[in-house]
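Chemist: 3D model of this:
(2 chains)
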Amino acid sequence: MSATLKLETPKPSAPGEFFQALRTRLSDGARLVTFYGSPADDSAQVALTAILEEKRALQPLRTSVAKVPGFHSLSREHHTLHIFEREVAEQESVEVHGHPWLKPVRYPKSAPAPMRDYPFYELAGKEIHEVGVGPIHAGVIEPGHFRFMCLGEMVHHLEIQLGYQHRGAEKLLLKPNPRALAPLVETIAGDTSIAHAWAYCAAIEALAGAEISPAAQFSRGIALELERIAMHLAGLSGMATDIAFLPGGTTWGRLRTTAINTAMLLCGSRFGRGWLRPGGARVAFTAELKDAVRANMKLLERDLAPINKHFLEAHTVQHRLKGVSVLTSNQVKELGLVGMAARCAGVTLDARASLRSAPWDKLSIEPVIEPTGDCWARARVRIREIDASLKWLNAALDKIEPGPAPTSKVGALAPNSLAVGVCEGWRGEVVHVLETDGRGLLRHYRVQDPSLRNWFGLAQAMRENEISDFPITNKSFDLSYCGNDL
Amino acid sequence: MLNALKVRMSQGKQYIRDVRAAVPKGFRGRPLISNAACQASCSACADVCPTAAISLEPVRLDLGRCIFCSECAAACPASKIAFTPEVRMAGAAPESLVVGAAQSVPSPVAVSAELKKLFGRSLKLRSVSTGGCNSCELECNAMANVNFDFGRYGIDWVASPRHADALVLSGPLTRNMSEALELAWVGLPDPKFVIAFGACAISGGPYAGSEALERGFSERFRPQLYLPGCPPHPLTFLHGLLDLLGLEVEAKPREPAPAPSPGQKPAGVEPWVAPKG
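Modeler: Next up, the predicted model:
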């Protein structure tokens, strides 16, 4: 899906008005979707934009403040802003006063890289020891540094230092032709290429006023759900391996192969690269291809049942996952966590259901909610979401008539405008905000992977848990490093 | 117990028996550039290429930069470029990855007598992702899954650089990872070598030219194996490794090992891989 909002770049309100409105509306139950800074016409100023979700719609707020003296942080009042204020302070060199701790987010500027200078929280005492892990980890995964402050085996606090993956993606996206960015967008976080591509396409189409055919919308939905199925299988396989439940590791692992090979059959890439483009989707569903997809989905349904049952009924699995690294629904709401990390703690948050844009308006999907907020819930959410996605995908296939790939040309982008694309990827909502200048070229590109907000949730979940439970907890959140670092 | 048996039954045998013959259905792999004449002063393919992988007169494509988006094929009015499901495109040098109508296939990776002698029966790999978007990392992980199963050749991922023979680089080499990468490399005992996995590692891919990169490492320590793709298909990796180390797969399946007689030590498992020749 992608919900979109397009409007002429909002006239900035006075900073006082902006912050008062933001404060009031957040207190009244609006949900913060994003908050970011972008260069203003006057280089001594920075434009601040907040996008809120209110009454099933996206609403913008905008102001412009001087970099010096900057603005007063709202993070103490609304914790959900903490990471965004850190980000804007680092990225736009604006002074943010009264923030609990303006730590680096991704070190975008300094050379040489000051990765050793991270201001870690420090605990002192005879019984306390610190464990540092990374940036390079034992497995084949992306880099990031974790520092545990422990009392014996118990983690009192976990600090997560990221930024190692920073590639300067947002800057590269300000290329001359904004309609040709899909190949780059697909590599922002390569395990959720479809969600990022869709958020990008939706924002571009909104700016160009392009209408997308239902066939293309369903094709995108199939791509997104296939990605969700594949990555949930990868995550479950990893979780099973981390607790030495080998049947889960191997069986879910090879079923993921079936899912990604289905994507390859349709679009040429196991990661869905090239499937979505502004104007439509590049897959031509023939009757034969539809049958092949159906057969693969049938195989998944058939072979998932025994392994899911085996996993969920195994005492060893329950013992290792239940009650481990719990997040409460209050913590989730306070910190503004999104996606499955929120849904596994009893919080109903799923843009496919709440914003109901195409194709979810024609074929809806119920959010999968688990109440317990522990590793068990984070595994169960994924098992159940695979089932829901399979069901949706099969129904969506019925809605697609065999025919050529539903693509269309996208015209020039509206000048001096802003568009938001939101897509509920497998981790959670992916948000892209594009701003155009007077010529219809991009003046700002804001990328937000759900990981940006959820990493802090992982740190909170680890508190008062055993350090040996970190691998399984980390895998249960399954966050993106490069999605955070950009 | 019953659950476990049901899972085992459903699992069956999943490994790709003959990786040399396997063709991934639908895969957008090695491009084929035909002899078709270009239209006068046409540069459509190069204009749409997001990674500047295409040079003109004659049209040539650098697989080390290509991210296989196929925008060039769609843009070419003469249908000169087509993508095939071919996975074999590893190279031993960046120059060998440039293909055109005259040289349609990258020069094959020659067996390295030295590497074959050292690592032909056991090769341990340490992955370092430096800006990799997790698709390369997932494909690297897939090498060890039950489908591609590169353990059958004595190849495996290891956790510590100290245990590794080669470093597999993925991602465009970010500045913020440069120190950690150097430390990991120093940690590998000699003899050792570098493998560049994916367009980002080979050339920076779509991130080439970003000021957030620090690519000095790949210039100082030239990889012995370049694996094109975005991400490369696991079979591309397997072919490259088998070529470099001179390994070949047995054509016929293994005979089951005879049951050990009482008192006798169990028979050792026959090696699945026999050196070439």
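Chemist: all strands for the stretch 101-250 of chain B, in order.
Modeler: B:123-129, B:155-157, B:166-170, B:193-197, B:225-227, B:247-249 (DSSP state E, counting those that start in this stretch).
Chemist: do you know how far the spatially most central residue of chain B is from chain A?
Modeler: Among the residues of chain B, the one closest to the centroid is residue B:237, at 2.7 Å (CA atoms, centre = their mean). According to CB to the nearest CB, to the nearest Å, residue B:237 and chain A sit 12 Å apart. (Each C-beta comes from the backbone N, C-alpha and C, glycine too.)
Chemist: could you do residue B:101 as well?
Modeler: 22 Å.
Chemist: contacts only, for that residue.
Modeler: Applying CB atoms under 8 Å, 6 or more residues apart in numbering or on different chains to residue B:101 gives the contacts B:33, B:34, B:35, B:58, B:59.
Chemist: now do the same for it: its pLDDT.
Modeler: Note for residue B:101: predicted pLDDT of 89.
Chemist: residue B:59 versus that one, what's the distance?
Modeler: As judged by CB to CB, to the nearest Å, residue B:101 and residue B:59 stand 7 Å apart.
Chemist: next, show the common contact partners of those two.
Modeler: When contacts are counted by CB under 8 Å, 6+ apart, residue B:101 and residue B:59 have residue B:33 as shared neighbours.
Chemist: go through the helix or strand hosting residue A:220 and flag the buried ones.
Modeler: Under the criterion of DSSP states H and E, residue A:220 resides in helix A:214-242. For helix A:214-242, the neighbour count (16 or more other CB atoms under 10 Å in any protein chain shown) marks A:215-242 as buried.
Chemist: so which residues of chain B form helices?
Modeler: Remark: helices assigned in chain B by DSSP state H are B:2-11, B:44-48, B:71-75, B:113-119, B:135-142, B:178-187, B:199-203, B:216-220, B:234-245.
Chemist: other SSEs contacting the fifth one?
Modeler: Using 3 or more CB pairs under 8 Å, 6 or more residues apart in numbering or on different chains; DSSP states H and E as the contact criterion, the secondary-structure elements in contact with helix B:135-142 are strand B:123-129, strand B:166-170, strand B:193-197, helix B:234-245.
Chemist: centre of the chain to the second one, how far?
Modeler: The reference is to strand B:166-170. 11 Å (CA atoms, centre = their mean, to the nearest Å).
Chemist: need the residues that contact that strand.
Modeler: Against strand B:166-170 from outside (CB under 8 Å, 6+ apart): B:119, B:123-130, B:132, B:136-137, B:140, B:161, B:181, B:184-185, B:188, B:192-198, B:200-201, B:217-218, B:223-224, B:231.
Chemist: can you tell me which of the contacts of residue B:101 is nearest chain A?
Modeler: residue B:33 (17.5 Å; CB to the nearest CB).
Chemist: is it true that the closest one touches residue B:104?
Modeler: Yes. Using CB atoms under 8 Å, residue B:33 is in contact with residue B:104, at 6.5 Å.
Chemist: show me which residues of the stretch 151-277 of chain B are close to chain A?
Modeler: B:157, B:159-160, B:171-172, B:174-180, B:184, B:200, B:205-207, B:210-214, B:230-231, B:233 (CB under 8 Å from any CB of the partner chain).
Chemist: buried subset of those?
Modeler: In these, the ones that pass as buried (16+ other CB under 10 Å) are B:157, B:171-172, B:174-180, B:184, B:200, B:205-207, B:210, B:212-214, B:230-231, B:233.
Chemist: quick one: residue A:14 from chain B, how far?
Modeler: 35 Å.
Chemist: neighbours around that residue, how many?
Modeler: As a burial measure, residue A:14 scores 11 neighbours (other CB atoms under 10 Å in any protein chain shown).
Chemist: and the spatially closest residue to it that is not a sequence neighbour, what pLDDT?
Modeler: Once flanking residues are discounted, residue A:14 sits nearest to residue A:63: 6.8 Å by CB to CB, 6 or more residues apart in numbering or on different chains. At residue A:63, the model reports a pLDDT of 93.
Chemist: could you do residue A:42 as well?
Modeler: Value for residue A:42, per-residue pLDDT: 90.
Chemist: again, but for residue A:121
Modeler: 89.
Chemist: residue A:158 is in contact with that one, correct?
Modeler: No. With contact defined as CB under 8 Å, residue A:121 does not count as touching residue A:158 (9.4 Å).
Chemist: of these two, which one has the most company?
Modeler: Shown here are residue A:121 and residue A:158; by other CB under 10 Å, residue A:158 has more neighbours (25 against 12).
Chemist: hmm, back to that, need the residues touching each of residue A:121 and residue A:158.
Modeler: residue A:149.
Chemist: who in the stretch 101-250 of chain A is up against chain B?
Modeler: A:106-108, A:111-113, A:115-116, A:135-136, A:138-143, A:163-169, A:171-172, A:180, A:182-184, A:187-191, A:193, A:234, A:247, A:250.
Chemist: just the buried members of these?
Modeler: A:106-108, A:113, A:115, A:135-136, A:139-143, A:163-169, A:172, A:180, A:182-184, A:187-191, A:193, A:234, A:247, A:250.
Chemist: measure residue B:232 to chain A for me?
Modeler: On the measure of CB to the nearest CB, residue B:232 and chain A end up 11 Å apart.
Chemist: mind listing what that residue touches?
Modeler: Residue B:232 neighbours (CB under 8 Å, 6+ apart): B:136, B:139, B:197, B:198.
Chemist: out of the residues you listed, grab the one that's most surrounded.
Modeler: residue B:198 (33 neighbours).
Chemist: for the stretch 151-277 of chain B, which spans come out with low pLDDT?
Modeler: Applying pLDDT under 70 to the stretch 151-277 of chain B flags residues B:249-277.
Chemist: any low-confidence regions in the stretch 101-250 of chain A?
Modeler: For the stretch 101-250 of chain A, no range has pLDDT under 70.
Chemist: 90 - rerun?
Modeler: A:107-117, A:121-127, A:134, A:175-176 (pLDDT under 90).
Chemist: mind listing the strands for it?
Modeler: Going by DSSP E, counting those that start in this stretch, the stretch 101-250 of chain A shows strands at A:128-133, A:145-151, A:154-161.
Chemist: for residue B:148, which of those is the nearest?
Modeler: Taking CB to CB, strand A:128-133 is the member of these nearest to residue B:148, at 28.2 Å.
Chemist: and the stretch 301-450 of chain A, which residues reach chain B?
Modeler: So the stretch 301-450 of chain A meets chain B at A:302, A:303, A:306, A:307, A:309, A:310, A:313, A:314 (CB under 8 Å from any CB).
Chemist: out of the residues you listed, which sit inside helices?
Modeler: A:302, A:303, A:306, A:307, A:309, A:310, A:313.
Chemist: against residue B:11, how distant is the second one?
Modeler: Spelled out, it's residue A:303. Distance from residue A:303 to residue B:11, by CB to CB: 8 Å.
Chemist: more neighbours, these two?
Modeler: residue A:303 (21 against 17).
Chemist: now do the residue lying closest to that one once chain neighbours are set aside: how many residues are near it, please.
Modeler: Excluding the flanking residues, the one nearest residue A:303 by CB to CB, 6+ apart is residue B:10, at 4.6 Å. By other CB under 10 Å, 17 other residues sit near residue B:10.
Chemist: residues contacting residue B:10?
Modeler: Counting by CB under 8 Å, 6+ apart, the residues that residue B:10 touches are A:251, A:302, A:303, A:306, A:307.
Chemist: the third one touches residue A:255, doesn't it?
Modeler: Yep, that's residue A:303 we're talking about. Yes. At 6.0 Å, residue A:303 counts as touching residue A:255 under the criterion of CB under 8 Å.
Chemist: count of residues packed around the nearest residue to residue B:112 once chain neighbours are set aside?
Modeler: Nearest residue to residue B:112, sequence neighbours excluded (CB to CB, 6+ apart): residue B:244, at 5.7 Å. Counted by other CB under 10 Å, the residues lying close to residue B:244 total 24.
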